[in-house]
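J.: The following block contains a protein sequence and its predicted model.
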Amino acid sequence: MSGHPHTLHLPAPERLVPWKFPLTYIFLALSMIGIIFSLIGAAVDHVQFAYSWFFAFYFFFTIALGAFFWVTLHYACDSAWSVLPRRVWENMLGLLPLFFVLFLPLLWPDFRDVLWTWMSPAHATDHEVEIRSGYLNPTFFYIRVFIYFLYFCLAGLYYRRNSVAQDIDGNPVFTRRMHDHSYLALVIFGVLETFLGFDWFMGLDWRWYSSLFGVYNFTICVQASMAAGIVIIAMLRSAGFLVALNSEHFHLMGKLLFGFTIFWAYIAFGQYLLIWYGNIPEETIFYNDHNRGLWKYLSYLIIIGKFVFPTIYLLAQDTKKRLRALTFVAGWLLIMHGVELYWYIMPYAHQHSILPSWQDFVAFITVGSILGFAYMSLAARASLFPTRDPRLVECLTITN
Amino acid sequence: MTDTPLVCSVGSGQMPKKLYAVAAEFANPTALYEAAEKVRDHGFRSWDCYTPYAIHGLDKAMGLKKSWVGVCTLVGGLHGLIGGFLLVTITSVYIYPMDTQGKPYFSLPAFVPILDLLTIMLAAIFTLKGIILLSGLPRLHHPLWEWDLFSRATHDKFFVVIEAKDPRFDEKATVDLLQEMGGTNLTFIGEE
């Protein structure tokens, strides 16, 4: 029963060797095949391709954006618990330049005009576009896209690079410097994430607006990113990595996942309640458009699947402490993240009812496997956890 | 009126008439933590640690089981949810229906903030009640209060107190155990 060790063994650096895992080859093969099928899809039905590709892109991009939040939050709060799992999110930040490449097809006029119709020639003389032209004009749009990617790529790489550099000499100056920069980084993150959500996500229906939308976009990013982090950690653990993590770390991650599940419900419902209560046609049109035909049942599924079930499930302490149970609900929340984005984006393509296209799957698998392959290659280039972080010992012995 | 004092330090030769517990002071949280683990491993049940602030992980070192406070919270939350639902439904649908912006009398979105707040409020109240009752409060007096040094448990001292009602309690063996673990100011605490 007793036996409290008074000497602490620091875990040895862990290196992922991607060539040992069949998953790497699966990702590589699927991304090759996926690119070919995506090109066919884009040629056959460019409208469906634009929506499917944007759905796939945004599903993964929100996870990477959330990772930026978790990493900067870690430094801003001087957290100790997140030292060991931090590299999982840092590696997502390393993928941000790749996201820019994946976003480029959407700027092609054919696809761009489908998604953000205010740019299409059909709306060139639309009065509603004209009165919004101070913000909704293509030049400014491209400048904003450039700013988003410039900031997130540079800042994301900055955090990952410094953290990896610290593995060599363990210099606490790195931690100190990133801590000092993280406050401003968080503020800029909040502003850019809000406008990014306006431009790409809310811009799918540019007549509609909601002042809560920035927070809404933030919650889906942050929750999905925590869920994805837990799933990746579970995969790494099953491959024999990150053995130093214990139930205390899982408990902490579970609490954050639980908290952001409730926060998501709070924001999503708050947005709905205000629009429902105000009952102004230009606002209610959004919920009207997203509740036609079978879409209505999908919105019920989101309420139950993304709020009721995970909240009750995560309420118990045991489910948060056991990795297997936590991974189950994190995986489920990732699926619900996809369902929610699908419910959000696809009614613009298929107004009357749910009509899944083969392109949805192709785009998702293509983007997912390209990113999965890149993630594994990137994760292999450094230890799977920060080996010389000054708070590593504190993280190993954490209790909550 | 008692002939012997209620509090007698070990070695003074005196003993309270009716023994409540034997208490020992520890120099710092680490010493207390290690002592707690040893007391736990000796199989004691009726004992406690007293510290000026929360020490993380001490519950594990003491071998405490999961607290029942969470159950109180859940019961309170369910009371708030169900009670709140009945409250708003009965009043605004049956007893006093009012037409608000032409919306149906039974409008769940409008009820949600009330259900939410009542759930949180009753969960919080039940949690507080649960903590108070499960800690054995309210009580007017405690035998340990007779010991002057003990007032520093809320200031800068760390104490382990093993109660006499524990089946493994043995005057000599327990005192030896506490001494061996590095406890100082060993004291017998009596009760009336």
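T.: Yes, it's here. Here the structure is a predicted model, which is why all the values come from computation and not from measurement. Residues are numbered from 1 along each chain as shown, chains lettered A, B, ... in the order given.
J.: Let me see the domain layout of chain B.
T.: B:7-63+B:136-190, B:69-134 (automatic domain parsing).
J.: Ok, which of the ones you listed comes nearest chain A?
T.: domain B:7-63+B:136-190 (4.0 Å; C-beta to the nearest C-beta). All C-beta spots, glycine's among them, are computed from the backbone N, C-alpha and C.
J.: still on that earlier bit, out of the domains of chain B, which gets the lowest mean score?
T.: The weakest mean pLDDT among the domains of chain B belongs to domain B:7-63+B:136-190, with a mean of 84.
J.: could you point out the longest helix in chain B?
T.: helix B:108-134 (DSSP state H).
J.: Contacts (any at all) between chain A and it?
T.: Yes: legend: contact between helix B:108-134 and chain A by C-beta under 8 Å from any C-beta of the partner chain is shown at B:109-110, B:112-113.
J.: Save the residues you listed as JSON lines, and put in neighbour count too.
T.: Below are these laid out as JSON lines (neighbours: other C-beta atoms under 10 Å in any protein chain shown):
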{"residue": "B:Pro109", "neighbour count": "14"}
{"residue": "B:Ala110", "neighbour count": "18"}
{"residue": "B:Val112", "neighbour count": "17"}
{"residue": "B:Pro113", "neighbour count": "14"}
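J.: Tabulate those residues in CSV, adding columns for distance to A:Gly66.
T.: Formatted as CSV, the residues of helix B:108-134 next to chain A follow (distance: C-beta to C-beta, whole Å):
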residue, distance to A:Gly66
B:Pro109, 28
B:Ala110, 32
B:Val112, 26
B:Pro113, 27
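J.: biggest separation within those, which pair?
T.: B:Pro109 and B:Pro113 (8.9 Å; C-beta to C-beta).
J.: related to what we said a few turns ago, so which elements touch the longest helix of chain B?
T.: The contact analysis (3 or more C-beta pairs under 8 Å, 6 or more residues apart in numbering or on different chains; DSSP states H and E) places helix B:108-134 against helix A:247-278, helix B:69-89.
J.: Looking at those, spot the one closest to A:Tyr348.
T.: helix A:247-278 (17.9 Å).
J.: And the closest one, what's buried?
T.: A:248-254, A:256-258, A:260-262, A:264-265, A:267-272, A:275-276 (16 or more other C-beta atoms under 10 Å in any protein chain shown).
J.: ok, which of these also contact chain B?
T.: A:269, A:272, A:276.
J.: I'd say the first one and B:Val112 touch.
T.: Yes: A:Phe269 is in contact with B:Val112 according to C-beta atoms under 8 Å; the separation is 6.4 Å.
J.: Chain B contacts on the stretch 251-400 of chain A?
T.: A:269, A:272-273, A:276-277, A:279, A:315, A:317, A:399-400.
J.: which two in those are spaced the farthest apart?
T.: A:Asn279 and A:Thr399 (50.3 Å).
J.: of all of chain A, which residue lies closest to chain B?
T.: Closest point on chain A to chain B, by C-beta to the nearest C-beta, is A:Thr399, at 4.0 Å.
J.: Three-state assignment for that residue, please.
T.: coil (DSSP: H, G, I helix; E, B strand; the rest coil).
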